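[1] Output the structure for:
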Amino acid sequence: MTSTLPVLITQRLAAAGDPGTAADMQRYMKTRMPFLGVRAPIAQRIVRETVRELGTTRWEDFHSAAQELWESAGHREQWYAAQQLTGYRSCSGRLEFLDLYERMVLDGAWWDIVDNCHRRFGGLLREHPDHVDPLLRSWAIHPNHWKRRSAIIAQLGAKADTDVALLEAAILPNLVERDFFLRKAIGWALREYAKTDPEWVRTFVARHEPRLSGLSRREALKNLPVR
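    Here you go, the predicted structure:
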């Protein structure tokens, strides 16, 4: 069953592809990797229906299928499908997926793939803080800026469970970076946490104002009332 899942998903994605749409999608995403031309809702439905048809529920099967899809992918929709497979409940918080998520960040090396991993890292952080916390801190200063972005946005949506010490540790080494995706990530992470603790975010922005980029600052304070 495990080997059937990625094969069926690949076949069905290919059958649903449209060359004209594929060209538009690749142009929009600015990637070298081609698309089949399957819009996200359709691609996601294909994955869901195939999983349901085969009765797949075990995390081991999802892990194996996602890994096979990732490694054999010739089109970006296969990568998206691999990521979708890791989102099933039985996969949540499984440390066995960490190497695959890291590969997704390194191979994907673009915002569509990297940003889709943030919930996975967040789930691992909740279940395995002693392992994942130091990993994210090391990623925050890693030469690879996609790893840095992953460290910054790993706690998106954590709300009151946000570890602000870890959030600071991820942001502070990157305040002076000029990379757009890092500056955007900083603002995004702060903006999300502002929904839970606006005063903490205001204080953080004020304290680091001289080094905080205009983009990060605007994003961080975007939804907060002007004083």
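[2] Now residue 16, what are its backbone angles?
    Dihedral angles of residue 16 (phi, psi; degrees, to the nearest 10) stand at phi -90, psi 0.
[3] Residue 43 is in contact with that one, correct?
    Yes - Residue 16 is within contact range of residue 43, at 7.5 Å (criterion: CB atoms under 8 Å). Any C-beta I mention is one placed from the backbone N, CA and C, and that applies to glycine too.
[4] Tell me which of these two has more neighbours.
    residue 43 (23 against 17; other CB atoms under 10 Å).
[5] Give me the contact list for the host helix or strand of the more buried one.
    Assigning secondary structure by DSSP states H and E places residue 43 in helix 40-54. Helix 40-54 has contacts (CB atoms under 8 Å, 6 or more residues apart in numbering) with 1, 4-5, 8-9, 12-13, 16, 38, 77, 80-81, 84-85, 88.
[6] how about the helices in the protein?
    Using DSSP state H, the helices of the chain run over 4-16, 19-29, 40-54, 59-72, 76-85, 98-108, 111-116, 118-127, 129-139, 145-153, 164-171, 180-194, 198-207, 214-221.
[7] Endpoint to endpoint, stretch 84-93 covers what distance?
    Chord length of stretch 84-93, first to last residue, is 15 Å (CA to CA, to the nearest Å).
[8] For residue 218, which non-adjacent residue is spatially closest?
    Spatial nearest neighbour of residue 218, excluding adjacent residues (CB to CB, 6 or more residues apart in numbering): residue 187 at 6.7 Å.
[9] which ones are touching the one you found?
    215, 216, 217, 218, 219, 220, 222.
[10] got a list of what residue 149 touches?
    111, 114, 181, 182, 185.
[11] 7 Å instead?
    Applying CB atoms under 7 Å, 6 or more residues apart in numbering to residue 149 gives the contacts 114, 181, 182, 185.
[12] now the residue lying closest to the second one once chain neighbours are set aside: how far from residue 193?
    In space, and not counting its chain neighbours, residue 181 is closest to residue 149: 5.5 Å by CB to CB, 6+ apart. With distances defined as CB to CB, to the nearest Å, the gap from residue 149 to residue 193 amounts to 16 Å.
[13] Kindly report the same for residue 142.
    Distance, residue 142 to residue 193, by CB to CB: 22 Å.
[14] Those two: who's more crowded?
    Using other CB under 10 Å as the criterion, residue 142 and residue 193 rank with residue 193 on top: 23 against 13.
[15] wait, what's in contact with that one?
    Residue 193 touches 162, 167, 201, counting by CB under 7 Å, 6+ apart.
[16] State the distance from it to residue 136.
    From residue 193 over to residue 136 the distance is 15 Å, taken as CB to CB.
[17] go on, residue 24?
    Distance of residue 24 to residue 136, given as CB to CB: 35 Å.
[18] got it, and residue 150?
    8 Å.
[19] of those two, who's got more company?
    A direct count of neighbours by other CB under 10 Å for residue 150 and residue 136 places residue 150 higher, at 27 against 24.
[20] Spatially, which residue comes closest to the more buried one, not counting chain neighbours?
    residue 105 (5.4 Å).
[21] For the one you found, the count of nearby residues, please.
    Using other CB under 10 Å, residue 105 has 18 other residues around it.
[22] give me every residue that touches it.
    Contact analysis of residue 105 by CB under 7 Å, 6+ apart lists 114, 117, 146, 147, 150.
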